[in-house]
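Novice: I would like to see how this sequence folds:
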Amino acid sequence: MEALIPTVNRLQDVFSTIGFAEHSVDLPQIVVVGSQSSGKSSVLESIVGRDFLPRGSGIVTRVPLVIQLNHIQARGKGRGQDEWAVFLHMPDKKFYDFDQVREEVNRQTDKLAGEKKNIVDKPISLRVYSPNVLNLTLVDLPGITKIPIADQPGDIEEQIRALTLRYISKPNSIILAVSPANADIANSDSIKIAREVDPGGRRTIGVCTKLDLMDKGTDATDVLTGRVIPLKLGMIGVVNRSQHDINTKKSMASARQDESDFFAERYQALKHRCGAQFLAATLNKLLMLHIRDSLPELKTRIKKLQDETDEQLADLGEPLVQERDKSGQLLQILSNFATTFKDTIDGRSTVATSSTELIGGAMICHIFHNTFAHSLSSIGPLDGLTLQDIQRTIRNTTGTRPSLFIPEASFELLVKKQIRRLLEPGLRCVELVFQELERLVHSCVSQELSRFRGLRDQVLEVSTRMLKDRLPDTNAMVENLIAIEASYINTNHPQFEGGSGAMSKMLSRLSEGMAQQGAGSAPPPAASTGAATSGYPSRAGVGDGAPGAMDGSGAMFAPTPNPPRRPYARDRAGVTDVEFVNADAARSNLLDTGQYTPQRQDSSPANRNSWTNFLSFTRPAPERAPPPPGTPMILSTPTTGDFFQPPGAACHADEELVNLSSKERMEVELVQSLIDSYFSIVRDKIADSIPKTIMHFLVNHVQEKMQTTLLQQLWVGQDYLDDLLLEDSQVAEQRERTTEMLAALRKALEIINEVSML
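Specialist: Reported below is the predicted structural model:
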């Protein structure tokens, strides 16, 4: 048991040589916390039995001071020769004069933290050898303060608090909380901050100082017995030397005697568990038990760190000396990089299996089957096409002659326009895969390759250039795929429904509507957007009751028979059927050129059968005399100046929609059905062919040519080889630090194994 504390001290020395604060080895130790002027430094000096700590106003302790107390046998050479101190940064010099120890602490503090009142987390390690001490490891931290003074930074309170929490948060640290008895213990800063990390008080031991300075008639019995603040490890009272005693250099032996007399007089029942000597013995026992309990976990932690450091050193590799080593090393590095790149795409490398996100082939698969597929499915067959666009295209492809059937050219023009909409998501898919391959190239840079900055930069440049060289060909092929589909519309495709299929669907819907009407359903209301609602017959010569007529929402409804019109018979306005057809043709021509807007007729008896109101124009007509009675209606059409307008005077879309006849509605719906069928076929083909194109022209090509290209462009001569394999100075320094760390861990493991064998 007695060898446990020296063992931890040796471990602290081992890790301090390589930067103790940089490594997560939680060694058992006692951390001393307390506010300024709480008597913290005096407690430490009482435990050591020597004056060696700096004193003064404000913050004196500005860096953590690790004090290792080592008990030795007295050699009978006098008190001055039996006790000495050694600093870890000066291991070859022994300090027998403890005033010099104080001066060295001040000098090293100014060196680490500066001459101002700043604080830093760079510990000073001090070992004290004496026959009058027990084996202990104490860490003295800067005193907790509230208000910055003099040259102290404005956030000094936050800095000290963060430093204190960093040490006492470690589970293997025992917290020594120092509180003055002449202040309310409920306001103790040390107890408060200790409770934040140890709310149950299981590893906190309290020290109550300045008991001799309490007001007359008061005592600290309730505090020392744990009635006020219960702590598992208890509360111990001490009486330190006063400032007068320090100035007169009162000896530690006299101070301890006065302390013993004080407790015998004032706290008779508690005198056996108070005082600096009892505190030191308690801390020694607690620390040994704590080390014994934490030693197995400490051994496991050090072993794990050793394995990790071994791997890190292996990644850094050995320094290259011979030319043969450089050639072989270059070949191995390039081959490993190419293999890692290929395996990551195939899902077989450690980069792919250890990553916390999709990478390489998994991400490319996600782009193909999720991102790209979703973007294609979001493009509807009729997106961007309005009824007016379809109607206008049908009219433009008809020419001067009215057609009996829908012109095939209108369908081809419209479906090609829709097919070209698939180009943008295809090119975007190429860009996403290219970006993922670029990211993969950087992810495949190993620690071994990072050793040589020049080689790493060249490998990344060559690999990225390979990807960029393949990008134009891949994009061109994707563009060709879309152009191929748009260049020839195969209406004989087995999956294409064709005109007969589209017409069958339309007739089927028509039959269903007739069946519903025959079953007693109410007839739908008259179309709100047909010619009949404007007070004149359909311009196509088909009444609104013709087969395929639609309601206002575009739904088909059953036909309503029109009474037969007698050839050349005159209606009540005196206009024959032939004259009416001529008038309707004129109105259709005006409709196509946007010369008039149909107006609802006046329902008065005088105007109910007036064919003059049948044609009304948005632009006022010139003043002209009314036609003589019996003049055919065709003679009342606008003049030449009314027909011809400047470019851009085409009819508005809503006007065209209002004037769709039943026949035109059937034509538009039929074209919509054909576009839907053929576009869906092309979209499925594109969804399958573009991923294959990207894999062939980009991914597979780079996979196959990566190693060959790297060797061809980077294996160019011995002089260039020396430049490529010039090791970075930071890598050399890191290798040196890692080697030292590995040696320290091995030494620490040996020390722990020695204790285990005792």
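Novice: Going by C-alpha atoms from here, please, whenever you check contacts or count neighbours.
Specialist: Fine.
Novice: Which helix or strand lies directly C-terminal to the helix or strand in which residue 305 is found?
Specialist: If you go by DSSP states H and E, residue 305 is part of helix 276-316. Per DSSP H and E, the first helix or strand lying C-terminal to helix 276-316 is helix 323-346.
Novice: got any ranges where the stretch 501-650 of the chain has weak pLDDT?
Specialist: Within the stretch 501-650 of the chain, the ranges that satisfy pLDDT under 70 run 506, 513, 517-650.
Novice: picking up where we left off before, which elements pack onto the helix holding residue 305?
Specialist: On a contact count with 3 or more Cα pairs under 8 Å, 6 or more residues apart in numbering; DSSP states H and E, helix 276-316 meets helix 4-16, helix 40-48, strand 136-140, helix 447-450, helix 729-757.
Novice: If we use 7 Å, what do you get?
Specialist: In this structure, helix 276-316 makes packing contacts with helix 4-16, helix 40-48, helix 447-450, helix 729-757, judged by 3 or more Cα pairs under 7 Å, 6 or more residues apart in numbering; DSSP states H and E.
Novice: Could you check the longest one and say which residues are buried?
Specialist: Of all the residues in helix 729-757, those buried under the rule 16 or more other Cα atoms under 10 Å are 731-732, 735, 738-739, 741-742, 744-745, 747-749, 751-752.
Novice: Format those as a markdown table; extra columns: distance to residue 230 and pLDDT.
Specialist: Listed next are the buried residues of helix 729-757 as a markdown table, based on distance: Cα to Cα, whole Å; pLDDT from 0 to 100:
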| residue | distance to residue 230 | pLDDT |
| --- | --- | --- |
| 731 | 53 | 72 |
| 732 | 54 | 75 |
| 735 | 50 | 79 |
| 738 | 46 | 82 |
| 739 | 47 | 84 |
| 741 | 42 | 81 |
| 742 | 44 | 83 |
| 744 | 41 | 81 |
| 745 | 39 | 82 |
| 747 | 41 | 82 |
| 748 | 37 | 79 |
| 749 | 38 | 81 |
| 751 | 37 | 78 |
| 752 | 35 | 78 |
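Novice: if we can go back for a sec, let me have the helices and strands packed on helix 276-316 in CSV, adding distance to residue 714 as columns.
Specialist: Shown next, in CSV, are the helices and strands packed on helix 276-316 (distance: least, Cα to Cα, whole Å):
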stretch, distance to residue 714
helix 4-16, 43
helix 40-48, 65
helix 447-450, 14
helix 729-757, 22
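Novice: weakest of the ones you listed in terms of mean pLDDT?
Specialist: For the helices and strands packed on helix 276-316, mean pLDDT drops lowest on helix 4-16, to a mean of 72.
Novice: Take it, keep the C-alpha atoms, and write them as CSV.
Specialist: The C-alpha trace of helix 4-16 is given here as CSV (Å, rounded to 0.1, in the frame of the first residue of the first chain):
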residue,chain,number,x,y,z
LEU,A,4,1.0,3.2,-4.4
ILE,A,5,1.5,6.9,-4.0
PRO,A,6,5.2,6.9,-5.1
THR,A,7,4.0,4.8,-8.1
VAL,A,8,1.5,7.5,-9.1
ASN,A,9,4.2,10.1,-8.5
ARG,A,10,6.4,8.3,-11.0
LEU,A,11,3.5,8.1,-13.4
GLN,A,12,3.0,11.8,-13.1
ASP,A,13,6.7,12.4,-13.8
VAL,A,14,6.5,10.2,-16.9
PHE,A,15,3.5,12.0,-18.3
SER,A,16,4.7,15.5,-17.3
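Novice: what's it in contact with?
Specialist: 68, 70, 135, 136, 137, 288, 291, 744, 748, 751 (Cα atoms under 7 Å, 6 or more residues apart in numbering).
Novice: And the strand or helix carrying residue 435, what's buried?
Specialist: Using DSSP H and E, the element containing residue 435 is helix 423-443. By 16+ other Cα under 10 Å, the buried positions in helix 423-443 come out as 423, 425-427, 429-430, 432-434, 436-438, 440-441, 443.
Novice: Same question for stretch 698-716.
Specialist: 698, 699, 702, 706, 707, 709, 710, 714.
Novice: what about residue 451, how many neighbours?
Specialist: Residues near residue 451, counting by other Cα atoms under 10 Å, number 23.
Novice: how far away is it from residue 396?
Specialist: Residue 451 sits at a distance of 70 Å from residue 396 (criterion: Cα to Cα, to the nearest Å).
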